[in-house]
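Asker: pasting the structure only:
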Ligand SMILES: [Zn+2]
């Protein structure tokens, strides 16, 4: 995973995303409405779990992969992101989930920043395509690594 995404995920897990609610501490005059949907205050929970674009992304990813990306609280979400499940067959979907979340999160955050700082409209199709590309790149990277380990094992 690219370093900037790792850092971003770490900030998310520390609850240190600079959402509009967070920014309002220093800029009380600024609106706290979500930059993507404008329907609710932009909290970390809203952005990562409740915003319509996010809900749709986790829903489509769940359908496409069979993973269950359905979290009712930030604690559940953070647990899924940060606790590696033990390596056993029944825990595989859990480990798989950890690979799916960062690219989705990163793409949502990028879409939100485009809306907030550049006035761009958020199209779900763009979020979906970018997430899939990131997953593909990451998958290729992992496949490359396992090939290297495999070859080293052969030598
Ligand atoms: Zn929203």
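Answerer: Sure, I can see it. Since the model is a prediction, treat every value here as computed from it, not as a measurement.
Asker: could you list the low-pLDDT ranges of this structure?
Answerer: 83-95, 145-155 (pLDDT under 70).
Asker: mind listing what's buried along whichever strand or helix holds residue 116?
Answerer: Secondary structure from DSSP states H and E places residue 116 in helix 92-118. Within helix 92-118, the residues that count as buried by 16 or more other CB atoms under 10 Å are 94, 97-98, 100-112, 114-116. From N, CA and C alone the C-beta is placed, and that goes for glycine too.
Asker: ok, stretch 19-35 next?
Answerer: Judged by neighbour count (16+ other CB under 10 Å), stretch 19-35 contains these buried residues: 19-21, 32, 34-35.
Asker: outside of stretch 129-142 itself, list whatever touches it.
Answerer: The contact list for stretch 129-142, computed with CB atoms under 8 Å, 6 or more residues apart in numbering, reads 1, 5, 57, 61, 99-100, 103-104, 106-107, 110.
Asker: leaving out chain neighbours, which residue sits closest to residue 97?
Answerer: residue 67 (4.8 Å; CB to CB, 6 or more residues apart in numbering).
Asker: surely that neighbour is in a helix?
Answerer: No - counting by DSSP: H, G, I helix; E, B strand; the rest coil, residue 67 falls outside a helix, being coil.
Asker: contacts only, for it.
Answerer: 61, 93, 96-97, 100.
Asker: any idea how far residue 15 is from it?
Answerer: Applying CB to CB, to the nearest Å, the value for residue 67 to residue 15 is 24 Å.
Asker: can you check residue 136 too?
Answerer: Remark: distance between residue 136 and residue 15 (CB to CB) = 30 Å.
Asker: please apply the same query to residue 43.
Answerer: Look at residue 43 and residue 15: by CB to CB, they are 10 Å apart.
Asker: tell me which of the two has more neighbours.
Answerer: Comparing residue 43 with residue 15 by other CB atoms under 10 Å, the one with more neighbours is residue 43, at 19 against 12.
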